[in-house]
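Trainee: Curious how this folds, go ahead:
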Amino acid sequence: MDEVDEVDEVGDTDGYFGERVAARYDESSGDMFAPDAVAETVDVLAALAGEGRALELGIGTGRIALPLARRGVPVHGIDMSRAMVARLRDKPGGDAIGVTIGDFAATRVPGTFSLAYLVFNTIMNLTTQAAQVACFRNVAAHLEPGGCFVIEVGVPELRKLPPGQSAVPFHVSPTSWAFDLYDVATQTMSSNYVDVVDGRGEYRSIPFRYVWPAELDLMAQLAGLRLRERWDGWGKGPFTSESHRHVSVWEKPADFVGEEPAD
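Mentor: Numbers count the residues shown, from 1 in each chain. Below you'll find the predicted structure:
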């Protein structure tokens, strides 16, 4: 069993995914946890990992890592939130998955991997272009030749914005409202939530940086990776101008020249 490695530079912060979010994360993101959705994702990742190891950036509560590990793929995770990782540890098999606490854009772990992956828009948790570029370079340093980096992320919904509007609501009910705020000049956005509990309103906001597929391809190129596949989802349908998200796969060439992985 691997131990959780504490990275001193991170400190005690869980970022925007502290205890309050972690306690209800699995329920609030319920659609992602549907067995068919998880199985479809894991099928693709297991095939790409082959006989090698997988590195999950933003491993969270183990939605994907646990079933992938049950498929026989050794998984190691990086995550900044100790609260989220604690939920992973409480689940069956969670104590057998190695996790390093740290910023996945910069944190190094020992060894190499045949697969690294970022699912469910997690690349946008890096809120600057520089951090997103650093993430690609960090992944490239961890991948073995021929290894793959997979990202699942939504396509920015700017087509929903009429002139002068910056908000896109995505949930409305009598007791809760959720909406995204966009700044098209800086590619910054935030997801905002208002919940009414016992007659009192509670508000929270999580910042993101949205990113286009072509921009991700350039980041990959800067890191020495090349695009291998792009689908509109885990079912591998064609990515088109009408797609709301994409699953992209970049490959590390066999003749890659770059940084060496951590010892």
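Trainee: pretty sure residue 233 is in contact with residue 240, am I right?
Mentor: No: under the criterion of Cβ atoms under 8 Å, residue 233 is not in contact with residue 240, lying 11.7 Å apart. To be clear about C-beta, it is placed using only N, CA and C from the backbone, and glycine gets the same treatment.
Trainee: Comparing those two, which residue is more hemmed in?
Mentor: Comparing residue 233 with residue 240 by neighbour count (other Cβ atoms under 10 Å), the higher total belongs to residue 233, at 17 against 8.
Trainee: So the more buried one versus residue 135, what's the distance?
Mentor: Between residue 233 and residue 135 the distance, using Cβ to Cβ, to the nearest Å, works out to 22 Å.
Trainee: One more: residue 255?
Mentor: 23 Å.
Trainee: Which one of these two is surrounded by more residues?
Mentor: The neighbour count for residue 255 versus residue 135, taken as other Cβ under 10 Å, is higher for residue 135 (25 against 7).
Trainee: Excluding chain neighbours, give the residue nearest to residue 69 in space.
Mentor: Leaving aside its sequence neighbours, residue 69 sits nearest to residue 75 (Cβ to Cβ, 6 or more residues apart in numbering; 4.8 Å).
Trainee: Okay, strands next: where are they in the stretch 51-200 of the chain?
Mentor: Counting by DSSP state E, counting those that start in this stretch, the stretch 51-200 of the chain has strands at residues 54-57, 75-79, 98-101, 113-118, 143-154, 167-173, 176-183, 188-197, 200-209.
Trainee: Pull the distance from the fourth one to the chain's centre.
Mentor: For strand 113-118, the separation from the chain centroid amounts to 11 Å (computed by Cα atoms, centre = their mean, to the nearest Å).
Trainee: cool, and the first one?
Mentor: Taking Cα atoms, centre = their mean, one finds the center of strand 54-57 at 10 Å from the center of the full chain.
Trainee: Quick check: pLDDT value at the residue nearest to residue 69.
Mentor: We note a pLDDT of 98 for residue 75 in this prediction.
Trainee: Report the contact partners of it.
Mentor: The contact partners of residue 75, by Cβ atoms under 8 Å, 6 or more residues apart in numbering, come to 53-56, 59, 65, 68-69, 97-98.
Trainee: Recalculate using a threshold of 10 Å.
Mentor: With contacts taken as Cβ atoms under 10 Å, 6 or more residues apart in numbering, residue 75 has the following neighbours: 2, 45, 49, 53-56, 59, 62, 64-69, 96-99, 113, 115, 117.
Trainee: what's the spacing between it and residue 61?
Mentor: Distance from residue 75 to residue 61, counting by Cβ to Cβ: 13 Å.
Trainee: picking that back up, mind giving me the PyMOL select for the contacts of residue 75, buried ones only?
Mentor: For the buried members of the contacts of residue 75, the matching PyMOL selection, counting by 16 or more other Cβ atoms under 10 Å, is:
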select buried, resi 45+49+53+54+55+56+59+62+64+65+66+67+68+69+97+98+99+113+115+117
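Trainee: Okay, buried residues for stretch 18-27 please.
Mentor: Neighbour-count burial for stretch 18-27, with 16+ other Cβ under 10 Å as criterion, is recorded at 21-22, 25-26.
Trainee: Rank those by pLDDT and give me only the lowest.
Mentor: Minimum confidence in the buried residues of stretch 18-27 sits at residue 22, scoring 72.
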